[in-house]
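Visitor: just to be clear, the model below is a prediction. Sequence and coordinates:
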Amino acid sequence: MDSDSPSLINPALVRRQRAGAWRRVLPWLAPGLFLGLFFFYPLGSILWLGLHSALLGGIVASVFLPTVQVFLFTVYQALLSTLLTLALGLPSAFLFARYAFRGKSFLRLLTAIPFMLPTVVVAAGFNALLGGRGWINLGAMNLFHLTTPPITFVGTLGAILLAHVFYNTTIVIRLVGNALSHLDPRLEQAARTLGADSRRVFWNVTLPLLRVPILAASLLVFLFDFTSFGVILLLGGPHFSTLEVAIYEQATQLLNLPLAALLSFVQLCCTLVFSILYSRLVTRRGVSSTPRPADTKGRPARTWRERFFVGGIVVLLFLMFVLPLVSLPLRSVTRLEADRGQHTAVQYGLTGAYYLDLFQNPSETIFYVPPFAAIGNSLLYATVTVVLSLLLGFPAASALARPTRLERVLDPFFLLPLGASAVTLGLGFIITFNRPPLLLVTSPVLVPLAHTLVALPFVIRILQPALASIPDRLRQAAASLGAPAFRVWLTVDWPIVRRATLSAAVFAFTISLGEFGASSLVVRPEYPTLPIAIARFLSQPGASNYGQAMAMATILMAVCAAGIVLIERLRLPGAGEF
Amino acid sequence: MKRIFFPVLLAALFLASCAGQGPTTLTVMTHDSFAASQPVISAFENANHVKLVFLKSGDAGAALNKAILTKNAPLADVFYGVDNTFLSRALDAGIFESYDSPLLAQIPAEFKLDPENRELPVDYGDVCINYDKAYFSTNDLPVPATLEDLAKPEYKGMLVDENPASSSTGLTFLLATIVHFGPNGFLAYWKSLAANGLVVVDGWETAYYTNFSGSSGHGPQPLVVSYASSPAAEVVGPIQASSESPIGSVLGPDTCFRQIEFVGVLKGTTHLALARKFVDFMLSQQFQEDMPLQMYVYPVNPQAKLPEAFVMFAQIPTQPARMSPAEIAVNRDQWIAEWTQTVLH
């Protein structure tokens, strides 16, 4: 059904192709409208405003060199981070897709949690572990009688890279693991029968089959690292700067909108170039195979080598994820009683006071956030985001699954929201949606809309390969047996894409739950989310505020974990039918 | 089927967003740190039959930027939160209406920086260096008293500061050093600070909670660029005569820089009379007495009584550094660039 192939001139065929053209445009209508109205329109307006005065006023040549330096570092750290993320993510994806071991679902859940944690909280976690007064340094100092901490973590490139891997490994695990569990095992079995050893099967059969999901995951990880902001500021420190950091400084501290717009434009163009490169790589068709419903169980490791692999990766993931994450809940129930001044022996005491404090508003502030209200707001926004991004993502992904020239042109544009600077987009919203009928900046509606912008590229990227893997002959067979269109979809498409849909839903959910940048750009404080409540506590001095921030962060982790478990356990129709 | 859903959902969301708007609402645009207590806000609402809506629009710089960008279709009637470092910028943008509030008579002249009263002073605070009391007493080290002290070898590696390019606290401290050492001398001072192991982080949260040893993070540095009011926030438990704050402020000449925050009526408001009433209210004793514990700032109205925690633990520097908003506006970008060159490269 490749409509790009040259056809004989046949009137019936031409007519069908014309109808086909309309049918091709149709799926793009809703997502295209959404992106146009809520992304390109505000972003275009602000860039126009800024670039206009940048060109009129003339951007000074003196900003050129620092900008080039910032740009080079941005690309450099993003490339390194992506490679490291793949290095951990790919073996982990294999681990989760192929093997069964104790604590598997827990570990899998754990790897997804960082994705939605606010940077402030992650930085606090890493600091408690690796900072100058973190457990590891204190332990080493006691053990080897050192006077200075042996490990410098904060303010190094290593901290930036580690944090990026911590955040984004879940993207590789989900995207590649998802594809892996759908692979037809007969291909690998055939290769084995033909005498290939397991290494050869992996390099010549499995890996080529995973080319598209690996590329997709790499691109998403790269774009996230490319536009990194909080990690650079909080863990990298002021010696490092990415484009996004420079844009933020120009836009909010120096009030230099023209330069901010220019930098945003550069960042956006880069994103487009990367996305186009990716589309080019992906549209070279790979081998298509008969899909099968996901085999989620896996098998236990049998050989000594397999056990070594499973054990090694599990330990690595444990070190990488459990240690920094555990420090948060721990911190939320510890009171550091100051034997102040004695800097090697801080006394710890257990307390539940910070959680109780959350429910009180001693200063009677009008912006007090009852914890359950924050949880409720966060969940509401997340639910709307999941529904909206699936509704918009499905038609787009279905169209992308059978790409024509139209899809190849449109595809990169749907990735652009990942490369847009949150600050710039926020200013764009302010100047475009500030009067009726689109008076959105004062409305909480903007929050899930902004979250959907970020979630949509993920949803599309996850659904597309699953939808592409469905052979048309299955649908034709069902249709020829008399099934109506919806029935075909329910019995053929749905069982195959069910797992991908859940995966997409989990991503949309976690993105919405953890999103801070877009939420803080909506200016009504009555409907705060959990990350905003955390930021509010952290912006004020005092032990109680800090403790409450950690308690809120722990609640956020719990809500996120519960949400993921719930979505993955959803008993959707068609689950076991294939 | 899916495609019909979307417009319907959107329409529903629109309706939901419109439903909340009553006939008389007064909108106040402000920064994220704004806070006030419910009884005080209700008092104004009940007295004037009005609903107050607060639009929090990011940090002080971001909020001002948004107000300037929307000046042709203002989102609010009143804007609170321009400080003296941004004042010139705000006034030049021409977004505020003059208002000679009768309450200005009660406010000392030192706070009134705009002769045309487009921006009226509401509160002030001092960016100061906080120190960890226990660290200096257990190590038998005198607390540094001047800016010059900080560059001495006995305080090597003890000060954590914020990057002025990303933090208003850091910028304010930079201004204090420029006042003290002059525009030609401050870079040499910062060079000596950098050589003395100065630690620079992105913002106040990191500096105070992660690096500072006197607060919850128990970090490595016993000196932090923070606020003169911070010691009041670190007192644990109910305040008694025996209560003590674990941290203090260095109150030497020019070690602190005075920040004053302003309120103004936005041009284009359709509720001019109400907006002015709210400005009056912010300058009145009731609101002024509410502010200290809500935002850790001092009232500009001398009639307002300070809360106990402030009287006991927050200190007011006698010689804070000051600089005219016009001078800040002209030089800000260049000073930050020079500082970055000297300290970070």
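Guide: Happy to help now that I have it.
Visitor: count the neighbours of the nearest residue to B:Met158 once chain neighbours are set aside for me.
Guide: Spatial nearest neighbour of B:Met158, excluding adjacent residues (C-beta to C-beta, 6 or more residues apart in numbering or on different chains): B:Leu223 at 4.9 Å. (Each C-beta comes from the backbone N, C-alpha and C, glycine too.) Other residues lying near B:Leu223 total 26 when counted by other C-beta atoms under 10 Å in any protein chain shown.
Visitor: for B:Pro253, same thing?
Guide: Neighbour tally, B:Pro253, other C-beta under 10 Å: 16.
Visitor: same check, this time on A:Pro150
Guide: Neighbour count for A:Pro150, taken as other C-beta under 10 Å: 12.
Visitor: and what of A:Val266?
Guide: Number of residues near A:Val266 (other C-beta under 10 Å) recorded here: 17.
Visitor: what's the answer for B:Tyr99, then?
Guide: B:Tyr99 has 19 nearby residues by other C-beta under 10 Å.
Visitor: and it, how far is that from chain A?
Guide: 24 Å (C-beta to the nearest C-beta, to the nearest Å).
Visitor: hang on, the earlier thing: what are the phi and psi values at the residue nearest to B:Met158?
Guide: phi -130, psi 130 (degrees, to the nearest 10).
Visitor: any idea how far it is from B:Phe44?
Guide: As judged by C-beta to C-beta, to the nearest Å, B:Leu223 and B:Phe44 stand 41 Å apart.
Visitor: show me where the stretch 51-200 of chain B has its helices.
Guide: B:60-69, B:87-92, B:133-138, B:168-181, B:186-195 (DSSP state H, counting those that start in this stretch).
Visitor: need these in TSV (columns: mean neighbour count).
Guide: What follows is the helices of the stretch 51-200 of chain B, written out as TSV (neighbours: other C-beta atoms under 10 Å in any protein chain shown):
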stretch	mean neighbour count
helix B:60-69	24
helix B:87-92	20
helix B:133-138	18
helix B:168-181	23
helix B:186-195	17
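Visitor: which of those helices has the lowest mean pLDDT?
Guide: Note on the helices of the stretch 51-200 of chain B: helix B:60-69 shows the lowest mean pLDDT, a mean of 85.
Visitor: contacts for it?
Guide: A:49, A:251-253, A:255, A:257, A:423, A:426-427, A:430-431, A:523, B:29-33, B:56-58, B:74-76, B:79, B:81-83, B:86, B:89-90, B:93, B:95, B:168, B:266 (C-beta atoms under 8 Å, 6 or more residues apart in numbering or on different chains).
Visitor: any idea how many residues pack against the closest residue to A:Pro541 other than its chain neighbours?
Guide: With C-beta to C-beta, 6+ apart as the measure, B:Ala233 is the residue that lies nearest to A:Pro541, at 4.0 Å, once sequence neighbours are left out. As a burial measure, B:Ala233 scores 22 neighbours (other C-beta under 10 Å).
Visitor: thought B:Thr177 was touching B:Tyr189?
Guide: Yes. Taking C-beta atoms under 8 Å as the definition, B:Thr177 is a contact partner of B:Tyr189 at 5.8 Å.
Visitor: common neighbours of these two, please.
Guide: With C-beta under 8 Å, 6+ apart, B:Thr177 and B:Tyr189 have common neighbours B:Leu147.
Visitor: who are the contact partners of the residue nearest to B:Met158?
Guide: With C-beta under 8 Å, 6+ apart, B:Leu223 has these contacts: B:129-132, B:144, B:150, B:155, B:158-160, B:212, B:250.
Visitor: pLDDT at it, what is it?
Guide: Looking at B:Leu223, its pLDDT stands at 96.
Visitor: got it, and the one 3 residues further on?
Guide: We have a pLDDT of 94 for B:Ser226.
Visitor: and what of A:Asp4?
Guide: 43.
Visitor: how about the one 5 residues further on?
Guide: In the predicted model, A:Ile9 carries a pLDDT score of 55.
Visitor: go on, B:His271?
Guide: 93.
Visitor: one more: A:Leu219?
Guide: For A:Leu219, the predicted pLDDT is 90.
Visitor: how about the closest residue to it other than its chain neighbours, secondary structure?
Guide: Sequence neighbours aside, A:Tyr278 is the residue nearest to A:Leu219 in space, at 4.5 Å (criterion: C-beta to C-beta, 6+ apart). Secondary structure, DSSP: H, G, I helix; E, B strand; the rest coil: A:Tyr278 is helix.
Visitor: quick check, A:Tyr278 in contact with A:Val212.
Guide: No. The criterion here is C-beta under 8 Å, and A:Tyr278 misses it with A:Val212 at 10.0 Å.
Visitor: thinking again about what came up before, ok, the residue nearest to A:Leu219 - contacts?
Guide: A:215-216, A:219, A:412, A:415 are the contacts of A:Tyr278 under C-beta under 8 Å, 6+ apart.
Visitor: out of the residues you listed, name the ones that lie in strands.
Guide: Counting by DSSP state E, these place none of their members in strands.
Visitor: about what we covered before: export the helices of the stretch 51-200 of chain B as CSV, with columns for distance to A:Leu130.
Guide: Shown next, in CSV, are the helices of the stretch 51-200 of chain B (distance: least, C-beta to C-beta, whole Å):
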stretch, distance to A:Leu130
helix B:60-69, 31
helix B:87-92, 40
helix B:133-138, 22
helix B:168-181, 24
helix B:186-195, 24
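Visitor: can you check which of those gets nearest to A:Met141?
Guide: Each of the helices of the stretch 51-200 of chain B has some distance to A:Met141 by C-beta to C-beta; the shortest is helix B:133-138, at 17.2 Å.
Visitor: in the stretch 351-500 of chain A, which residue sits nearest chain B?
Guide: In the stretch 351-500 of chain A, the residue that lies nearest chain B is A:Ser443 (3.6 Å; C-beta to the nearest C-beta).
Visitor: what's the local residue count around that residue?
Guide: 22.
Visitor: same check on the one 4 residues further on?
Guide: A:Val447: 26 surrounding residues under other C-beta under 10 Å.
Visitor: that one touches A:Ala382, doesn't it?
Guide: No. Assessed by C-beta under 8 Å, A:Val447 is found out of contact with A:Ala382, at 10.1 Å.
Visitor: for the stretch 401-550 of chain A, what spans make up the helices?
Guide: A:405-410, A:422-432, A:446-468, A:472-480, A:485-488, A:494-514, A:517-520, A:530-538, A:543-569.
Visitor: in the longest one, what's buried?
Guide: By 16 or more other C-beta atoms under 10 Å in any protein chain shown, the buried positions in helix A:543-569 come out as A:543-557, A:559-560, A:563-564, A:567-568.
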